[in-house]
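Novice: here is a sequence with its predicted model. Questions after.
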Amino acid sequence: MDLVGWQRTAVDAIKRDAIVRSVASPRAESYILGEYLWSEEGAERSALQRVLAGSPHEPWLAKLIGAQLADERRHARLLRDRIAELGAVPRPAPALAQAKLWWLERSCARYGSAFAAGPIVVVLAAAAQLEATGVRMLRRHLDVLEARAVSSPTARVIRAILADEKRHAASCAAAAERLVCDDERVAFAELRERVARIDRAFGVTLAVRYWCIVASRAALERAREAA
């Protein structure tokens, strides 16, 4: 197994165990849902909004971006409502996650003028990668809930979001491919590799932090219940 495969396996195992511990713990569950909310309301959404409000684009592209933003607003409402049902308030994204998104934006800025279609190629390439990562996160969570708490309201929320996220990942990747000219393929491959490398950065570190927070919240809550 190569380093990327090892990292993905380690992250999956750490986060899967954390999700198992979060079952029936509102405090732990709300923290995890808060992470999903950061993704829905984070840098990708802001970038797509800037693109849509900027230079005019072909109708098919404007329609794709508009539909995706509408989906993400709906996802955010679902997540906020479920977090409120759990008696919690969403917290801001942690500094390390914000630093990672800042790094992604700064590192990919050089490709803004590398494509005839403009910076939208960079935005779509990043969105495709982040959406694919989101699909893995949601699928992992749903797997745990379907094995342990299939009737959980959280399972219904995640199931509803996951279907859209799969479509977003595929449509963003296809749109970026459609916009890239033949003589831009090398630069596009470099861009996608750069985005993927940054997306993987701090993967195990962030997973361990995630596990510690989720496990401690679940343990504290269960200790209070037992007292």
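Specialist: Received, thanks.

Novice: what's the weakest-modelled helix or strand in this protein?
Specialist: helix 43-53 (a mean of 63; mean pLDDT, DSSP states H and E).

Novice: next SSE downstream of that helix?
Specialist: Note on helix 43-53: by DSSP states H and E, the next helix or strand toward the C-terminus is helix 59-85.

Novice: what's the following helix or strand after that following helix?
Specialist: helix 95-108.

Novice: check which residues of that next one are buried.
Specialist: Buried residues in helix 95-108, defined by neighbour count with 16 or more other C-beta atoms under 10 Å: A97, K100, L101, L104, E105, C108. Quick note: C-beta positions are derived from backbone N, CA and C, even for glycine.

Novice: among these, which has the minimum pLDDT value?
Specialist: Least confident of the buried residues of helix 95-108 in the model: A97, at 74.

Novice: isn't that residue up against W38?
Specialist: Yes - A97 lies in contact with W38 (C-beta atoms under 8 Å); the separation is 6.7 Å.

Novice: which parts of the protein are helices?
Specialist: Here the chain has its helices, by DSSP state H, at 3-22, 26-40, 43-53, 59-85, 95-108, 120-148, 153-179, 185-200, 203-226.

Novice: quick one: closest of the ones you listed to A114.
Specialist: Across the helices of the chain, the minimum distance to A114, taken as C-beta to C-beta, is reached by helix 185-200, at 4.6 Å.

Novice: center of this protein, which residue is that?
Specialist: The residue lying closest to the centre of the chain (C-alpha atoms, centre = their mean) is G134, at 3.7 Å.

Novice: find the nearest non-adjacent residue to that one, please.
Specialist: E165 (5.1 Å; C-beta to C-beta, 6 or more residues apart in numbering).

Novice: you'd agree that neighbour is up against V135?
Specialist: Yes - using C-beta under 8 Å, E165 is in contact with V135, at 5.0 Å.

Novice: tell me how far A24 lies from A207.
Specialist: Distance, A24 to A207, using C-beta to C-beta, to the nearest Å: 22 Å.

Novice: between the two, which is the more surrounded one?
Specialist: Neighbour count, other C-beta atoms under 10 Å: between A24 and A207, A207 has more, with 20 against 14.

Novice: tell me the buried residues in stretch 161-176?
Specialist: Result for stretch 161-176 [16+ other C-beta under 10 Å]: buried residues I161, L162, D164, E165, K166, H168, A169, S171, C172, A173, A175, A176.

Novice: show me the contact partners of that stretch.
Specialist: 36, 61, 64, 68, 71, 75, 78-79, 121, 124-125, 127-128, 131-132, 134-135, 138-139, 142, 188 (C-beta atoms under 8 Å, 6 or more residues apart in numbering).
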